[in-house]
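Colleague: below are the sequence and a predicted model for it; my questions follow.
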Amino acid sequence: MTQPKAPKLRVGFILAPHFTISAFASFLDVLRLAADDGDQSRQINCEWHILSHNGQPVRSSSAVEVRPDAPLARPQDYDYIVVVGGLLKEQVRIGPEYIRFLRDAANRGVPLVALCTAVFLMHEAGLLDGYKCCVSWFHHDDFLETFEGMVPISDQIFVVDRDRLTCSGGTSSAHLAAFLVERHVGRAAAQKSLHIMIIDELQVAEKPQPGLPLELSTRDPLVSRALLRIQQRLDAPEPAENLAKALGVSKRKLERHFQKALNITPSIAAMRIRIAQAKMMIERTDRTIVDIANSTGFCDASHFSRVFSKQEGMAPAAYRQASRLGPADV
């Protein structure tokens, strides 16, 4: 009797309390769709297990619970151990049993993967010392405050540094999973998974994260809070006076902090954020210029076009056409 072939890719998951289900589900579904030639979710090409020391369900940040199906043992049975992080401010640290397991895996040369805020957990456990790591732009400043002297990478969707793989979470988890599927199962399987998930194509690690422009990176907590508030209100920009009031400071104090941290005014920073978001939407979506103008807080498409042209040197429509030319067309 012919023995079934061993899976080409074996993954063990560790779910932190209050883990982010989108990061977990995105990664897992790429494995599931690549595992079987049909649509029966059989673990043929890929195999995965949710690991636990006690078998108790783990509650996600959205209150959905996932029940583990394998003991926390023998890390060498897996090609990768994937840790899924959760809500940073409410995140309960994984127990010492998991830390010992991860250290055992590292000592045995089993690659470790951190999804979303799991990078914080792994760094606290000393498992990222000497490694480059990826952190979402949203948690960049939190990382700097937590780990003094460490500078994470927040302008890529994932980072592969030898046997440590880290990603910013969300749909970047799907792209990291596809990277592993391509490596172990094949490119066709990886593309198939993403296409079924309505994700257009494989993205390389260096693909920029959507978020704040890199030149607006700062360690000033007041400026960071202001930038985040600006980004959260792109479709309804606030005057500097209102922004300062919402942050509980005077307009003059806010402007002083921006000048010292970034050498620009809050208004200029806000405009750069809005244009950066508009550029991302022009490059990656088929939304109309009118829709993009509305989504980024411009009064009309004409005003948006004038501002965009002044900053980028070309109209939005021309920028879209140029961004979609292949290397052979340039």
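Modeller: Everything's here; your move. Numbering: from 1, shown residues only.
Colleague: any buried residues in the host helix or strand of Phe143, and which?
Modeller: Using DSSP states H and E, Phe143 maps to helix 140-146. Residues of helix 140-146 classed as buried by neighbour count (16 or more other C-beta atoms under 10 Å): 140-144. C-beta: built from backbone N, CA, C; applies to glycine.
Colleague: what's the lowest-pLDDT member of those?
Modeller: Within the set of those, pLDDT is lowest for Asp141 (67).
Colleague: can you name the residues bridging to Leu15?
Modeller: Val84 (DSSP bridges).
Colleague: hang on, it packs against Val84?
Modeller: Yes: using C-beta atoms under 8 Å, Leu15 is in contact with Val84, at 5.1 Å.
Colleague: got any residues that touch both of these two?
Modeller: Phe24 (C-beta atoms under 8 Å, 6 or more residues apart in numbering).
Colleague: which is the next helix or strand following the helix holding Phe143?
Modeller: Following helix 140-146 in sequence, per DSSP H and E, is strand 158-161.
Colleague: closest to His49 out of the buried residues of helix 140-146?
Modeller: The nearest member of those to His49, counting by C-beta to C-beta, is Phe143 at 29.4 Å.
Colleague: contact partners for the closest one?
Modeller: 119-120, 135, 150, 152.
Colleague: kindly indicate which of those residues lies nearest His303.
Modeller: Val135 (35.1 Å).
Colleague: below-threshold pLDDT in the protein: ranges please.
Modeller: 1-4, 89-92, 141, 149, 155, 200-201, 203-212, 214, 325-330 (pLDDT under 70).
Colleague: can you list the buried residues in the longest helix seen in it?
Modeller: Secondary structure assigned by DSSP state H gives helix 266-284 as the longest helix of the chain. Neighbour counts over helix 266-284 (16+ other C-beta under 10 Å) mark 266, 269-282 as buried.
Colleague: quick check, nearest of the buried residues of helix 140-146 to Ala322?
Modeller: Nearest member of the buried residues of helix 140-146 to Ala322, counting by C-beta to C-beta, is His140, at 29.3 Å.
Colleague: looking at it, that closest one is touching Pro152, isn't it?
Modeller: Yes: look at His140 against Pro152 with C-beta under 8 Å: they come within range, at 6.5 Å.
Colleague: what segments of the stretch 101-250 of the chain are helices?
Modeller: 118-124, 140-146, 172-184, 187-196, 221-232, 240-247 (DSSP state H, counting those that start in this stretch).
Colleague: what about the residue lying closest to Ser193 once chain neighbours are set aside, distance to Glu65?
Modeller: Counting by C-beta to C-beta, 6 or more residues apart in numbering, Ser193 lies nearest to Leu33, which is 3.9 Å off, once chain neighbours are set aside. From Leu33 over to Glu65 the distance is 23 Å, taken as C-beta to C-beta, to the nearest Å.
Colleague: and the gap between the most centrally placed residue in the chain and Cys116?
Modeller: In the chain, the centroid-proximal residue (C-alpha atoms, centre = their mean) is Ser168; its distance is 2.4 Å. As judged by C-beta to C-beta, Ser168 and Cys116 stand 7 Å apart.
Colleague: report the set of residues contacting both of those two.
Modeller: Ser136.
Colleague: what does the domain assignment say about this protein?
Modeller: As assigned by automatic domain parsing, the chain contains the domains 9-196, 214-322.
Colleague: got CSV for those, with distance to Leu202 too?
Modeller: Output for the domains of the chain, formatted as CSV (distance: least, C-beta to C-beta, whole Å):
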stretch, distance to Leu202
domain 9-196, 5
domain 214-322, 15
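Colleague: phi, psi for the residue nearest to Ser193 please.
Modeller: phi -70, psi -20 (degrees, to the nearest 10).
Colleague: count of neighbours near it?
Modeller: Look at Leu33: counted by other C-beta atoms under 10 Å, it has 22 neighbours.
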